[in-house]
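Asks: Turn this into a model:
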Amino acid sequence: MSRGLPFSIFKFLDYDVSISYYKAPYLVDIDLVQGKRVLKLEEISGNANAWRNADVLVFDTGHWWNHQGSLQGWDYMESGGTYYQDMDRMVALERGLRTWANWVDSNIDTARTRVFFQSISPTHYIPSEWSAGTTMATTTNCYGETAPISGMTYPGAYPDQMRVVDAVIRDMHHPPYLLDITMLSELRKDAHPSIYSGDLSPQQRADPVGSADCSHWCLPGLPDTWNQLFYAALFFQL
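Replies: Residues are numbered from 1 along each chain as shown. Got it, this is the predicted structure:
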């Protein structure tokens, strides 16, 4: 096992298999220009060099496009030769995804390499989406949720990011296999770490309104289902 940023490699010697994790939350490149991080919405070659010659590629992107403040991973966006301090995040996501899609269409031999795209992983910070009558005065996240949503329909809105992903993939000449885990994950409002990740101080655990993690997932749990669906698609898709 070799850990690093942005590249970590896990080798299973008995099986002659390597699994590589490459951290590129926006897929497109981020360059340092005069000390500032510039998210280049039409440039991907820096990251893409690491993706060549793989037998299987699994991509995803999503939440990082909405981060602001200290969580935002860039200082400026660059598109069409123009620098922006900010722009509509769904517009930026679409431009970045179309850069990625053009690269896949132009550079990946689908007869040799299988390409997958995992859809957007949802969050559960708005209880009114699943519980009519809930007010922000009583709860503001998934804290205290112990059961999935019943039925097969999520009462809240479908993520805007997925509408962008769907549109971009439809326009590709060689579209990836879409691992659509969004809706099934929407139903699992109970599957987040909440305040129980083990990384919080007693003071943070005592303040679930401000500390509950309702964007990541517990293990074992929902991600195991993602893995089972990926396994089925990888080995049994005709």
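Asks: Touching, residue 237 and residue 178? I think so.
Replies: No: contact criterion CB atoms under 8 Å: residue 237 and residue 178 do not qualify, at 11.7 Å. Quick note: C-beta positions are derived from backbone N, CA and C, even for glycine.
Asks: The two: who's more crowded?
Replies: residue 178 (16 against 9; other CB atoms under 10 Å).
Asks: buried ones in the longest helix seen in the chain?
Replies: Criterion DSSP state H: the longest helix present in the chain is helix 89-107. If you call a residue buried by 16 or more other CB atoms under 10 Å, then helix 89-107 has these buried ones: 89, 92-104.
Asks: Looking at those, point me to the pair that's furthest apart.
Replies: Across the buried residues of helix 89-107, the longest distance by CB to CB is 22.2 Å; it joins 89 and 104.
Asks: Which neighbouring elements make contact with the longest helix of the chain?
Replies: strand 76-79, helix 160-170 (3 or more CB pairs under 8 Å, 6 or more residues apart in numbering; DSSP states H and E).
Asks: State the number of residues packed around residue 192.
Replies: Neighbour tally, residue 192, other CB under 10 Å: 25.
Asks: List the contacts of it.
Replies: Shown in contact with residue 192 (CB atoms under 8 Å, 6 or more residues apart in numbering): 124, 142, 145, 212-218.
Asks: Give me the distance between it and residue 119.
Replies: Residue 192 sits 18 Å away from residue 119 when distances are taken as CB to CB, to the nearest Å.
Asks: With residue 185 instead?
Replies: For residue 185 relative to residue 119 (CB to CB), the value is 9 Å.
Asks: hmm, back to that, any idea which of the contacts of residue 192 has the most stuff around it?
Replies: Among these, the one with the most neighbours (other CB under 10 Å) is residue 212, at 26 neighbours.
Asks: My read is that that residue contacts residue 194, right?
Replies: Yes: counting by CB under 8 Å, residue 212 touches residue 194, with 4.7 Å between them.
Asks: okay, and the common contacts of those two?
Replies: 141-143.
Asks: Tell me where the protein has strands.
Replies: Assigned by DSSP state E, the strands in the chain fall at 7-12, 17-22, 30-33, 36-40, 56-59, 76-79, 82-84, 114-118, 177-179.
Asks: can I get the ones you listed in TSV with mean pLDDT?
Replies: TSV is the format used below for the strands of the chain (pLDDT from 0 to 100):
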stretch	mean pLDDT
strand 7-12	95
strand 17-22	95
strand 30-33	95
strand 36-40	97
strand 56-59	97
strand 76-79	97
strand 82-84	96
strand 114-118	97
strand 177-179	96
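Asks: Any chance of those in CSV with distance to residue 157 as columns?
Replies: As requested, those are exported to CSV (distance: least, CB to CB, whole Å):
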stretch, distance to residue 157
strand 7-12, 34
strand 17-22, 31
strand 30-33, 29
strand 36-40, 26
strand 56-59, 24
strand 76-79, 25
strand 82-84, 26
strand 114-118, 20
strand 177-179, 20
